[in-house]
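Visitor: Here is my input, please return the structure:
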Amino acid sequence: MSALEERSCDSGSDSADPTGVEREHEVVSSHSEQDLKRAQRKRRLSKSNDGDAWSLDADSSLATPPLLSAPPAFLQLSSLQRAIIHRLRGMLDTHSDSVVITNPLSPRSPIVYVTEAWQEMCGYSMSQAVGQNPRLTQGENTDKETIRGMGIALSERRSCKVRLINYRGYNHEPFWNCLSVHPIFHQNNLVLHIAQLHDYSHRLNQLVSHRPIQFCVTDEHFQRSVPLTSIAGASHLRRPSRLALTSKHVVIERGVDGEDVVTFVEDSEAPPDTLKLPTLHVKRLGFFRIDLEPMYLIDRLVDEAEQMNLEAHASTTCGGDSEIYRLDVTSSNEGGGRVTAALHVLPEENGRYCITMTRLQGDTFGYHSLYRTLRQRLVDLQSK
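Guide: Below is the predicted model:
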């Protein structure tokens, strides 16, 4: 077992909180601890950046030929690739959106752009990362089968959802990386890959009874095609998809200097997060507008059920354009009665998710008591 996985299993085991009433007080201190760690990572990255010979500042243009001082991997980009990166960079918040873009048309698929948030998370500066293969963040406890699954998905030009253990560059600290990988196509030809990353170390390390796993998922509902020109923000990158450009979306003309001039045509279609969402036919109790990964949410629910000594059974079905995660739980109340409820993790708009709860068996009082207990224990899910 890795050191990171050991921390994940042991975290919180010294002081069990069966009611969850302590959680609200822990949320504030937990967020303060995360802010402190983030500031420490920035300082470490700043120290490791001393002497960097090249960087891409926020005001430079990717749509024009790059400076000769740029790394070879950057100089090799075509005018179309630079224009796509320039467009994507304009809709990202480089300080908070952890994003990496790679060039699959070049040997070893080198990194060609990273945001500041990616640099902070992964521990490599722009000049250290560009030209390197994304495998530079892998280490001894990165799951080989997960990496093999990613390789197959990329070779088959499929989008995927991945969770794996990566390592920061400046101190080789392991962290849980959850990422969505999107291939980008022009006229059905692959031109770039873009991935959005989230550091789930803090949340997965808080699981007490349930051990998280590494995985790569390439389900069919991740393969829907989305016009690149309809992407308006990082929230549209949370769910994996195939980003597409056709002659309808982009015009390429030869400029007077011999360089291609790329012009994007704004898309009037519905935004990419307009999914066929499952319909809630009955009013249910639940937790809504959650900005967290669904795989983490089901892991968290299983962990809470195990801590509460609930009988639990997890399953997955398809509904609309995405998977629906279900956890059936059964509790026994003091009077000897049993309450069985179904917890569903469902997609919402704007890349968010919700957890709904439906009574399957048992009295209403016991059902609402179970809901209140879970609500106290899950208070951090909707905390900002």
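Visitor: Any idea how far the one helix or strand residue 318 maps to is from the middle of the chain?
Guide: Element membership for residue 318 (DSSP states H and E) is strand 311-319. Distance of strand 311-319 from the chain centroid (C-alpha atoms, centre = their mean, to the nearest Å) equals 21 Å.
Visitor: can you start the count at 11 instead of 1 from here on
Guide: With the count now opening at 11, the last piece we talked about shows up as strand 321-329.
Visitor: pLDDT on it, on average?
Guide: In this model, strand 321-329 has a mean pLDDT of 86.
Visitor: Next secondary structure element downstream of it?
Guide: strand 332-342.
Visitor: Could you list the paired strands of the next helix or strand after that following strand along with their orientation?
Guide: Downstream of strand 332-342, the first helix or strand assigned by DSSP H and E is strand 348-357. Sheet pairing of strand 348-357 (DSSP bridges) gives strand 332-342 (antiparallel), strand 363-371 (antiparallel).
Visitor: Now render those as a markdown table, adding mean neighbour count and distance to residue 163.
Guide: For glycine as for every other residue, the C-beta is placed from the backbone atoms N, C-alpha and C. Shown next, in a markdown table, are those (neighbours: other C-beta atoms under 10 Å; distance: least, C-beta to C-beta, whole Å):
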| stretch | mean neighbour count | distance to residue 163 |
| --- | --- | --- |
| strand 332-342 | 19 | 16 |
| strand 363-371 | 18 | 23 |
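Visitor: Quickly, which of the ones you listed bottoms out on average pLDDT?
Guide: strand 332-342 (a mean of 89).
Visitor: Any idea how many residues pack against residue 182?
Guide: Residues within reach of residue 182, counting by other C-beta atoms under 10 Å, total 10.
Visitor: Am I right that it is in contact with residue 149?
Guide: Yes: counting by C-beta atoms under 8 Å, residue 182 does reach residue 149; the two are 6.7 Å apart.
Visitor: For those two, list the residues in contact with both.
Guide: Here residue 182 and residue 149 have no joint contacts, going by C-beta atoms under 8 Å, 6 or more residues apart in numbering.
Visitor: coming back round to it: within its sheet, name the partner strands of the strand holding residue 328 and how each one runs.
Guide: strand 332-342 (antiparallel).
Visitor: Check the gap between residue 309 and residue 358 for me.
Guide: 19 Å (C-beta to C-beta, to the nearest Å).
Visitor: and if you look at residue 199?
Guide: Residue 199 is 34 Å from residue 358, by C-beta to C-beta.
Visitor: neighbour-wise, which of the two wins?
Guide: residue 358 (14 against 11).
Visitor: okay, now the domains of this structure?
Guide: Listed domain ranges for the chain are 50-274, 285-392 (source: automatic domain parsing).
Visitor: which residues in the stretch 61-210 of the chain form helices?
Guide: For the stretch 61-210 of the chain, helices defined by DSSP state H, counting those that start in this stretch occupy the ranges 82-85, 89-100, 126-132, 136-139, 154-165.
Visitor: was I right about residue 270 contacting residue 263?
Guide: Yes: in this structure, residue 270 is within contact of residue 263 by C-beta under 8 Å, at 7.1 Å.
Visitor: Which of the two has more residues huddled nearby?
Guide: Set side by side, residue 270 and residue 263 show more neighbours around residue 270, with 13 against 8, by other C-beta under 10 Å.
Visitor: Output the below-cut-off pLDDT ranges for this protein.
Guide: Residues of the chain meeting the criterion pLDDT under 70: 11-79, 277-293, 329-331, 343-346, 393-394.
Visitor: Show the contacting residues for the residue positioned nearest the centre of it.
Guide: Geometric centre of the chain, nearest residue: residue 189, 4.0 Å, by C-alpha atoms, centre = their mean. Applying C-beta under 8 Å, 6+ apart, one finds that residue 189 lies in contact with 171, 172, 173, 205, 206, 207, 208.
Visitor: Hmm, residue 318 is touching residue 312, no?
Guide: No: with contact defined as C-beta under 8 Å, residue 318 does not reach residue 312; the gap is 11.0 Å.
Visitor: who's more crowded, these two?
Guide: The neighbour count for residue 318 versus residue 312, taken as other C-beta under 10 Å, is higher for residue 312 (21 against 18).
Visitor: Wait, the more buried one touches residue 323, no?
Guide: No: counting by C-beta under 8 Å, residue 312 sits too far from residue 323 to count as a contact (9.8 Å).
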